[in-house]
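Peer 1: Give me the fold of what follows.
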Amino acid sequence: MRFSVYQVSRKGGREKNEDRMGYCYTRDSGLFALADGMGGHPEGEVASQLALQTLAAMFQRDSKPTLADPLRFLHEAIIAGHHQLLRYATQKSLIDTPRTTVVACVLQGNAAYWAHCGDSRLYMVRGDKLIARTRDHSYSELQETLSQVVPMGERFNRNVLFTCLGSPGKPVVDTVGPLLLQPGDRLLLCSDGLWGSVSDTVITEQLAQHPISDAVPELVEQALRNGGPKSDNVSVLAMEWESAEDSETPGISTQTLGEEVFASTIQASVMGQDVPDELDDAEIERSIKEINEAIRRSSQKKN
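Peer 2: As a prediction, the model looks like this:
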């Protein structure tokens, strides 16, 4: 497996950067992920970091050196990240739960698989064509889709999501794949700080016409310029599949790695919180009981 990767994250006009991204890989499988902590809720940067840590921990546990079922892995790992956020809120006695969006992609064999929750996006470009793009879990995107069938009234603000990690209800997770890859295919993961200020057409053109090492920073700079002084955080993670050996972007070849070798750019812990290696049904049930018990105690205090 050979790929090139390039990533940039900028704070923009916000007080802090609540976006997180990273990738990890074994000899025969790679995981790329990006999360955008949600404003209006506490500790967005913790939410995005915990989501990525959970994905990385489960990838390390399950990819030996491949995942048996990439789509199932993506769905279960994202839901596990959701439960980690609920547990974190309970342990910290937070009134509200930290929340985040997430998009993640697995490259394995000669195929791509991806999943997302919220409005962090994945774009796939082949040649000069946009082959695929995730559909946001937002009321505005839902309304846009429905408007092609029936007349719609007032449009929703694009920032209003109907699902995310850390929300009271079970998150909606959409999965896609396998989609067979061709040499030169480019995939881009980004937060809404990019696509909210730069059109899909411009994103596609940049990826199609320039090396990712040039396209990514240019797209980020365009987003910051278009967003102005109040620009959102802008984070972009892009990879090129089977990049040429003479590519301008340094490539990663995994062929020489041993079966048990795991490499990751995602931090192992945040604020002293370690992500457990095992996140099974019993662990999730225990988390739910802890949350319900905390709610019960809170209700008794109020009464």
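Peer 1: Name the SS class of residue 87, please.
Peer 2: helix (DSSP: H, G, I helix; E, B strand; the rest coil).
Peer 1: residues near it, how many?
Peer 2: 21 (other CB atoms under 10 Å). Heads up, the C-betas are built off the backbone N, CA and C, glycines and all.
Peer 1: Residue 33: neighbouring residues, count only.
Peer 2: Neighbour count of residue 33, defined by other CB under 10 Å: 32.
Peer 1: Surely it is in a helix?
Peer 2: No. Assigned with three-state DSSP, residue 33 falls outside any helix and is strand.
Peer 1: Do I have it right that it meets residue 165?
Peer 2: No. Taking contacts as CB atoms under 8 Å, residue 33 lies outside contact range of residue 165: 12.0 Å.
Peer 1: and for those two, which residues touch both?
Peer 2: Common neighbours of residue 33 and residue 165, using CB atoms under 8 Å, 6 or more residues apart in numbering, are 51, 102.
Peer 1: quick one: which helix or strand includes residue 105?
Peer 2: Here residue 105, judged by DSSP states H and E, is contained in strand 100-108.
Peer 1: residues of whichever helix or strand comes after that strand that come out buried?
Peer 2: With elements assigned by DSSP H and E, the helix or strand that comes after strand 100-108 is strand 111-117. For strand 111-117, a neighbour-count test (16 or more other CB atoms under 10 Å) marks 112-117 as buried.
Peer 1: Then stretch 227-234?
Peer 2: Using 16+ other CB under 10 Å as the burial criterion, the residues of stretch 227-234 that qualify are 227, 231-234.
Peer 1: Mind checking which of those are in helices?
Peer 2: In this view, these that belong to helices under DSSP state H are residue 227.
Peer 1: any chance of the buried residues of stretch 227-234 in a markdown table, plus pLDDT and distance to residue 55?
Peer 2: Formatted as a markdown table, these follow (pLDDT from 0 to 100; distance: CB to CB, whole Å):
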| residue | pLDDT | distance to residue 55 |
| --- | --- | --- |
| 227 | 94 | 28 |
| 231 | 93 | 27 |
| 232 | 93 | 23 |
| 233 | 95 | 19 |
| 234 | 96 | 21 |
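Peer 1: got any ranges where this structure has weak pLDDT?
Peer 2: For the chain, applying pLDDT under 70 flags the ranges 141-159, 243-250, 267-303.
Peer 1: Would you state the helices of it in chain order?
Peer 2: Under the criterion DSSP H, helices of the chain are mapped to 44-62, 70-91, 139-146, 192-195, 200-209, 212-227, 281-302.
Peer 1: How far away from the center of its chain is the first one?
Peer 2: The chain centre lies 10 Å from the centre of helix 44-62; the measure is CA atoms, centre = their mean, to the nearest Å.
Peer 1: What helices and strands are in contact with it?
Peer 2: Other helices and strands packing on helix 44-62, by 3 or more CB pairs under 8 Å, 6 or more residues apart in numbering; DSSP states H and E, are strand 19-25, strand 29-37, helix 70-91, strand 100-108, strand 269-270.
Peer 1: want to throw the ones you listed into TSV with distance to residue 54?
Peer 2: As requested, those are exported to TSV (distance: least, CB to CB, whole Å):
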stretch	distance to residue 54
strand 19-25	12
strand 29-37	10
helix 70-91	4
strand 100-108	10
strand 269-270	11
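Peer 1: of the buried residues of stretch 227-234, closest to residue 97?
Peer 2: residue 233 (20.0 Å; CB to CB).
Peer 1: surely the closest one meets residue 9?
Peer 2: Yes. Counting by CB under 8 Å, residue 9 is a contact partner of residue 233 at 7.1 Å.
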